[in-house]
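In: I'd like to go over a predicted model; first the sequence, then the structure.
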Amino acid sequence: MDQANQLRERLREQASLRTAKTIAVISGKGGVGKSNISLNFSIGLKRKGYRILLFDLDIGMGNIEILMGRSSPLSIADYFAGTAGIRDLFTEGPEGIQYISGGTGLNQLVKLDSESVSTFIDDLKSVWVEYDYVIFDMGAGMNEETMNLLLAVNEMIVVTTPEPTAIMDAYAAIKYIHMNDRDIPFSIIVNRARPGREGRETLDRLEDVLVKFLGKKPVKLGVLPEDTHVFQAVRKQVPFILECPKAPITQELETLIARFENRQSYQAAPEHFFVKLKRLFEKKWQV
């Protein structure tokens, strides 16, 4: 191979690494507003100029589609059935974010053989480079299907509320993931906080527990208030960041997004998302 070809090959390899950062939005339990935050957070980032792909993997719930008042005719399940290509799955959402419905696709992914998984990963690679962030809205709870994906992402955002059960479940989810991979960074959002210090105290309390028992210091992204404007937006099936731009929760979300942009950069694992994902499946096949 001559020098010119070597240079072109090296540039192609470097370009392949300039791919989207992957974020999983999780909660320990349902009903904390996780999907609503995933959607509005995605729109907020898009307004900042980032290219966003929102991946709904809250299997069987379809909350994202309800919240944005749009539905996707296809899901990952159609891809695995061979009736749709990867680009056929994309639906344009509010403000130009791109959206993919998971359907039951994540359940099918764990059952695939090595060749099918490799093909799926290669197809994802072809579109990943077109985005700055890929945000996975994960379902509550942990299982084999979700863990392989969770352990491959660059970072996680954990959504909780001040309720004691929600805090306990958030801690349990973080602990479970941390026991499998101690290097994944976590950020925390407290949602539906009442006026006063309730939200900030919840953030501090969860941070103290994580540091004490796991040696894990999270990024405290912020607190979102209980706000009746959210219910108004949900009824209209319009994201609250668009329906109620001056509402307290929208203003706090914008502050939170700015904090996300300016947070202290973490030392992400050098492994590419797809390298980690494929390796996790290879371990499964060896069992």
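Out: Perfect, I can see it now. Numbering: from 1, shown residues only.

In: how far is whichever strand or helix holds residue 147 from where the chain is centred?
Out: Assigned by DSSP states H and E, residue 147 belongs to helix 144-150. Taking Cα atoms, centre = their mean, to the nearest Å, one finds helix 144-150 lying 13 Å from the centre of the chain it belongs to.

In: One more: stretch 133-140?
Out: Shown here is stretch 133-140, whose average C-alpha point lies 3 Å from the average C-alpha point of the whole chain (Cα atoms, centre = their mean).

In: list the buried ones in it?
Out: Burial within stretch 133-140, assessed by neighbour count using 16 or more other Cβ atoms under 10 Å, is assigned to 133, 134, 135, 136, 137, 138, 139, 140. C-betas here are computed from N, CA, C, even on glycine.

In: For the one helix or strand residue 115 maps to, buried residues please.
Out: Here residue 115 sits within helix 114-128, counting by DSSP H and E. In terms of neighbour count (16+ other Cβ under 10 Å), helix 114-128 has its buried residues at 117, 120, 121, 124, 127, 128.

In: just checking, the fifth one touches residue 85?
Out: No - with contact defined as Cβ atoms under 8 Å, residue 127 and residue 85 do not form a contacting pair (10.3 Å).

In: rewinding a little: the helix holding residue 115 - what's its average pLDDT?
Out: In this model, helix 114-128 has an average pLDDT of 86.

In: which residues in this structure form helices?
Out: Using DSSP state H, the helices assigned to the chain run over residues 3-17, 34-47, 63-68, 76-80, 105-109, 114-128, 144-150, 164-180, 198-214, 228-236, 240-243, 248-262, 273-286.

In: Any chance you could give me the second one in PDB, C-alpha atoms only?
Out: Spelled out, that is helix 34-47. Output for helix 34-47, consisting of C-alpha atoms alone and laid out as PDB, is shown next (Å, rounded to 0.1, in the frame of the first residue of the first chain):
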ATOM      1  CA  LYS A  34     -38.000   9.300  32.900                       C
ATOM      2  CA  SER A  35     -39.400   9.200  29.300                       C
ATOM      3  CA  ASN A  36     -40.600  12.700  29.600                       C
ATOM      4  CA  ILE A  37     -37.200  13.900  30.600                       C
ATOM      5  CA  SER A  38     -35.500  11.800  27.900                       C
ATOM      6  CA  LEU A  39     -37.600  13.400  25.200                       C
ATOM      7  CA  ASN A  40     -37.400  17.000  26.500                       C
ATOM      8  CA  PHE A  41     -33.700  16.700  27.300                       C
ATOM      9  CA  SER A  42     -33.100  15.500  23.700                       C
ATOM     10  CA  ILE A  43     -35.000  18.400  22.200                       C
ATOM     11  CA  GLY A  44     -33.100  20.800  24.500                       C
ATOM     12  CA  LEU A  45     -29.800  19.400  23.200                       C
ATOM     13  CA  LYS A  46     -31.000  19.600  19.600                       C
ATOM     14  CA  ARG A  47     -31.800  23.300  20.100                       C
END
